[in-house]
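>>> One predicted model, sequence on top.
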Amino acid sequence: MNKSVYDSPDQVSEIKRHILTVLVDNEPGVLARVIGMFSGRGYNIDSLNVAEVSNDENISRITIVTHGTSEVVSQIEKQLLRIVPVHSVTNLDQEGSSVEAEVALVYIYISDTNKKKVYQLCDLYRARKIENENNTTIFEIAGASERVNRFIKEINEITKVEIVRSGPVAISSIQKNEEE
Amino acid sequence: MSKEITGAEIVLKSLAEQGVEVVFGYPGGAVLPIYDTLFKQNSIKHILVRQEGGAIHAAEGYARSTGKTGVVLVTSGPGATNVVTGLTDAMMDSVPIVCITGQVPQHLIGSDAFQECDTTGITRPCTKHNYLVKDVNKLSSVFHEAFTIAQNGRPGPVLIDIPKDVQFASGTYEEKSKIIIPSHRLFEPSPDFEKNKIEEAVELISKAKKPIFYIGGGCINSGPKASKLVREFINIVGSPVTMTLMGLGVVGSSDKNSLGMLGMHGMYEANMAMHECDVMINIGARFDDRVTGRLDAFSPNSKKIHIDIDESNINKTINVDVPIIGDVKQVVEKMIGVWQDKKYKIDTESLKLWWDKINKWKEVDCLNYNNEGKQIKPQYAVQRLYELTKNTKTFITTEVGQHQMWAAQFYKFEEPNRWLTSGGLGTMGYGFPAAIGAQVGHPDALVVDIAGDASILMNIQEMSTAVQYRLPVKIFILNNEYMGMVRQWQELLHGGRYSESYTDSLPDFVKLADSYKAVGLRAKTTDELDDVITQMIETKNTVIADIWVTKEENCFPMIQSGSAHNEMMLSKDQKQDKKSAEKGKILV
């Protein structure tokens, strides 16, 4: 339900995290339309990711992580569909099964005392060291958000770090035929 | 390779191909090339307004009264920002508008140039779609798409921002027929899914004991045929019907099934019937808060059918049992078909009991007001206006406030598209320019703006426009020297502290009319009223009729904010219970 001032108080639907994947025409302003709808109507964006996914058709895929009751998320989906350049909106939680992943790059402040522990932890999480011209210790970790969260929590306990995260992207894992 | 023409010429050619006859606008630096091209042609008429806000409301009035798309042409910067209110108004009330704005040349965009603003950024949330056209060769396809989007599905405003260099540049024109709009950019109903829903809905109606039709502006947007079909279906069922502010005229006021308007200032019988019905058939309305009142007490025991072309309206505030996404005329036509195929008959005995109950509610006579004395009651003024204009083809526009509600209550509409009012956004200053637009679309009709003394001053500069184009628009001011609705709320909810709602130093409206070379009339008492109205109708010129009405009249019945349909106030003496009054105070 919308957060109207006339809202009935007995809404009991549970607030849950949802991943929406939105296919849009890759034209100027399309991202602003999508995020403007969220801010204008008072919905939440927990993370957002956008990239072109097909060169020939000029289509981008926007992955939005949001939270809300099922009524709110259903409104979000319908409001997104009203936007002219939006092709489709899929709620991956309602699809049944999906795969999600994100990437984090972690700059690790390393010293002789913590070096061993850091490398052990990175090994454990299969975080990959990225070579760079300054030879600083930057690791890349990819996977489900919770795994990245755990890694960051544990590395934080060892040393100081700087982190950048992509936010999750996700795709439906339901079997499809090629014609579709 | 076809011949190259300038961007400005492409603009005019696109408008001509779209069948545009009139453009409402105001020139300025960033649209000079378009105005230059306009000067060299004769097929499209331009109406010069006195402020851009007037242009867009005029285009709205034109669109709503003719069913065509209204076109606006304004310059960059302040020209564009002045149309924002009108765009939002058109968005809320689903009016098809194409608004062309000039923009500074591309090499200056982003440099804070003179009269530059981020027009597409500012108007993104108040348009269905908008464009910044950077390539002159895309201009014609953008125009054709814009007109389609403005009219398609749930209509609305579309804005096209054109940098000045693009207006000067040369490019090729593509005809409408050559433009293919990808289907995802338009609304398309899904026929299979809806077929089952339609059957389910019709079956539900056939089993109803206490049905009510709840009709909204979507029926008007769907075209005159939709209103005809809706009337036909209601007649077959024999059900009572109530209309929203935007839906007035879909079913005639004199129709035996009509209960009139519902909602905050709606009819007692309409609201009570909504509260007690067992099957509600919402056609093209959106459960607006002015209609529903308190949500948790809204029609608690009914099954609800909701027909709407905009899926986002389904379950937005009220959960419904049978949603149908589609255009009213198509859906209702199918519903009639199903009803006839299955030879449904409604339980006439129950229906009779239902009507008996409704007729009892009617006896309350909720619009009753004390009409004693020589002073003109605002309700009486509207009643007389109706009586003296009912045999003429009349369009009524309004501003926003008490006078708007009295117009809705006391003027009887028999046909769609005759009633133009700002419902969703509630824009004071809408009515007069909208009347200008309606008069442009219907030169021979009588167009009356029922106004308040406060609202009319918001776009009074358009007097100059009306007079310039010899538009015999009538402004019928219910003058109580107050912002009446504000004053009413202050009386009911804020202890009678009339903070800033009294308008001191109002102009002399008769002299004001005179100064614009229009005609000014005044009625101070009931004796003068009919003469003034008759004279107003007979004058072939723009008229301001200044009707002095009783100052502290309130608009009843009223469902105060936070109350339910069955908790209507019929008069000042009937107070809302304290708890819901306190709760309601924070609401709008």
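Yep, that arrived.
>>> Flag the shaky bits of chain A, pLDDT-wise.
A:1-12, A:95, A:179-180 (pLDDT under 70).
>>> wouldn't residue B:375 be in contact with residue B:525 here?
Yes - with contact defined as Cβ atoms under 8 Å, residue B:375 reaches residue B:525; the gap is 6.8 Å. Any C-beta I mention is one placed from the backbone N, CA and C, and that applies to glycine too.
>>> neighbour count winner among those two?
Remark: of residue B:375 and residue B:525, residue B:375 carries more neighbours, 15 against 11, as counted by other Cβ atoms under 10 Å in any protein chain shown.
>>> Quick check on the more buried one: phi, psi?
Here is the backbone geometry of residue B:375 (degrees, to the nearest 10): phi -70, psi 140.
>>> In contact with it, which residues?
Applying Cβ atoms under 8 Å, 6 or more residues apart in numbering or on different chains to residue B:375 gives the contacts B:525-526, B:548-550.
>>> For PyMOL, write a command that selects the buried ones of those.
Those of the contacts of residue B:375 that count as buried under 16 or more other Cβ atoms under 10 Å in any protein chain shown are selected in PyMOL with:
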select buried, chain B and resi 526+548+549+550
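>>> hang on, isn't residue B:235 packed against residue B:257?
Yes - Residue B:235 lies in contact with residue B:257 (Cβ under 8 Å); the separation is 7.0 Å.
>>> Who has more neighbours out of those two?
Set residue B:235 next to residue B:257 and count neighbours by other Cβ under 10 Å: residue B:257 wins out with 18 against 14.
>>> in the stretch 251-400 of chain B, which spans are helices?
For the stretch 251-400 of chain B, the helices defined by DSSP state H, counting those that start in this stretch cover B:268-276, B:289-292, B:328-341, B:348-362, B:378-389.
>>> so which helix or strand takes in the closest residue to chain A within the stretch 401-550 of chain B?
Closest approach between the stretch 401-550 of chain B and chain A, counting by Cβ to the nearest Cβ: residue B:424, at 14.0 Å. Residue B:424 is located outside every helix and strand, with elements delineated by DSSP states H and E.
>>> Output the set of residues of chain B in proximity to chain A.
Contacts of chain B with chain A, taken as Cβ under 8 Å from any Cβ of the partner chain, map to B:120-121, B:124-125, B:128-130, B:132, B:149, B:182, B:184-185, B:289, B:292-296, B:310-312, B:314-317, B:561-562, B:586-588.
>>> quick one, what contacts the most centrally placed residue in chain A?
Centrality entry for chain A: nearest residue to the mean C-alpha point is residue A:168, 2.7 Å, by Cα atoms, centre = their mean. When contacts are counted by Cβ under 8 Å, 6+ apart, residue A:168 touches A:19, A:47, A:49, A:63, A:65, A:100-102, A:144-145.
>>> before we move on, what about residue A:36?
Contacts of residue A:36 by Cβ under 8 Å, 6+ apart are B:124-125.
>>> how would you label it: helix, strand or coil?
With DSSP: H, G, I helix; E, B strand; the rest coil as the basis, residue A:36 sits in helix.
>>> Quickly list the domain ranges of the chain.
Defaulting to chain A. Here the domain assignment for chain A is A:16-95, A:98-170, based on automatic domain parsing.
>>> um, chain B though
B:4-185, B:191-362, B:378-548.
>>> Format the ones you listed as a markdown table; extra columns: mean pLDDT.
Formatted as a markdown table, these follow (pLDDT from 0 to 100):
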| stretch | mean pLDDT |
| --- | --- |
| domain B:4-185 | 98 |
| domain B:191-362 | 96 |
| domain B:378-548 | 97 |
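>>> ok, back up a step: filter the contacts of residue A:168 down to the buried ones, PyMOL style.
Selecting only the buried entries of the contacts of residue A:168 in PyMOL, with 16+ other Cβ under 10 Å as the criterion:
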select buried, chain A and resi 19+47+49+63+65+100+102+145
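>>> Looking at the contacts of residue A:168, spot the one nearest chain B.
The closest of those to chain B turns out to be residue A:63 (Cβ to the nearest Cβ; 18.6 Å).
>>> right, and that closest one touches residue A:167 too?
Yes - contact criterion Cβ under 8 Å: residue A:63 and residue A:167 qualify, at 7.4 Å.
>>> tell me, what's touching these two both at once?
Counting by Cβ under 8 Å, 6+ apart, the contacts common to residue A:63 and residue A:167 are A:47-49.
>>> Just give me the closest of those to residue A:83.
residue A:48 (14.8 Å; Cβ to Cβ).
>>> Secondary structure class of the closest one, three-state.
Residue A:48 is classified as strand under three-state DSSP.
>>> Pick out the residue of the stretch 301-450 of chain B closest to chain A.
For the stretch 301-450 of chain B, Cβ to the nearest Cβ, closest residue to chain A: residue B:312, 3.9 Å.
>>> For that residue, give me its contacts.
Contacts of residue B:312 (Cβ under 8 Å, 6+ apart): A:75, A:78-79, A:81-82.
>>> try it again with 10 Å
A:2, A:41, A:74-82, B:154, B:286 (Cβ atoms under 10 Å, 6 or more residues apart in numbering or on different chains).
>>> Residue B:28 too?
Applying Cβ under 10 Å, 6+ apart, the residues contacting residue B:28 are B:35, B:52, B:73-80, B:101-102, B:115.
>>> Can you tell me which of those residues are buried?
Applying 16+ other Cβ under 10 Å to the contacts of residue B:28 flags B:35, B:52, B:73-77, B:79-80, B:101-102, B:115 as buried.
>>> out of the residues you listed, which are inside helices?
B:35, B:52, B:79-80 (DSSP state H).
>>> Let me have the residues you listed in a markdown table, adding distance to residue A:25 as columns.
Listed next are those as a markdown table, based on distance: Cβ to Cβ, whole Å:
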| residue | distance to residue A:25 |
| --- | --- |
| B:35 | 32 |
| B:52 | 30 |
| B:79 | 28 |
| B:80 | 24 |
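>>> Among those residues, which one sits closest to chain A?
Once Cβ to the nearest Cβ is applied, the member of those that ends up nearest chain A is residue B:80, at 15.4 Å.
>>> partners of the host helix or strand of residue A:99, with directions?
In this structure, residue A:99 sits in strand A:98-108 according to DSSP H and E. Take DSSP bridges as the rule and strand A:98-108 pairs in its sheet with strand A:138-143 (antiparallel), strand A:161-165 (antiparallel), strand A:169-172 (antiparallel).
>>> Need the contact partners of the very next helix or strand once past the longest one.
Along the chain past strand A:138-143, the next helix or strand (assigned with DSSP H and E) turns out to be helix A:145-158. Contact partners of helix A:145-158, identified using Cβ under 10 Å, 6+ apart, comprise A:17, A:46-47, A:65, A:100-104, A:106, A:108-110, A:113-118, A:120-122, A:124-127, A:139, A:141-144, A:161, A:163, A:165-168, A:170.
>>> what's the angle from helix A:145-158 to strand A:138-143?
150 degrees (axes from the mean of the first three to the mean of the last three Cα atoms, to 10 degrees).
>>> In helix A:145-158, which residues are buried?
For helix A:145-158, by 16+ other Cβ under 10 Å, it's A:145, A:147-148, A:151-152, A:155, A:158.
>>> For that helix, C-alpha coordinates in PDB please.
What follows is helix A:145-158, C-alpha atoms only, in PDB (Å, rounded to 0.1, in the frame of the first residue of the first chain):
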ATOM      1  CA  SER A 145      26.400 -10.200  -0.800                       C
ATOM      2  CA  GLU A 146      26.500 -12.100   2.500                       C
ATOM      3  CA  ARG A 147      29.800 -13.700   1.600                       C
ATOM      4  CA  VAL A 148      31.300 -10.300   0.700                       C
ATOM      5  CA  ASN A 149      29.800  -8.900   4.000                       C
ATOM      6  CA  ARG A 150      31.500 -11.700   6.000                       C
ATOM      7  CA  PHE A 151      34.800 -11.200   4.300                       C
ATOM      8  CA  ILE A 152      34.700  -7.400   4.900                       C
ATOM      9  CA  LYS A 153      33.800  -7.900   8.600                       C
ATOM     10  CA  GLU A 154      36.700 -10.300   9.100                       C
ATOM     11  CA  ILE A 155      39.300  -8.300   7.200                       C
ATOM     12  CA  ASN A 156      38.200  -5.300   9.200                       C
ATOM     13  CA  GLU A 157      39.100  -7.100  12.400                       C
ATOM     14  CA  ILE A 158      42.600  -7.600  11.100                       C
END
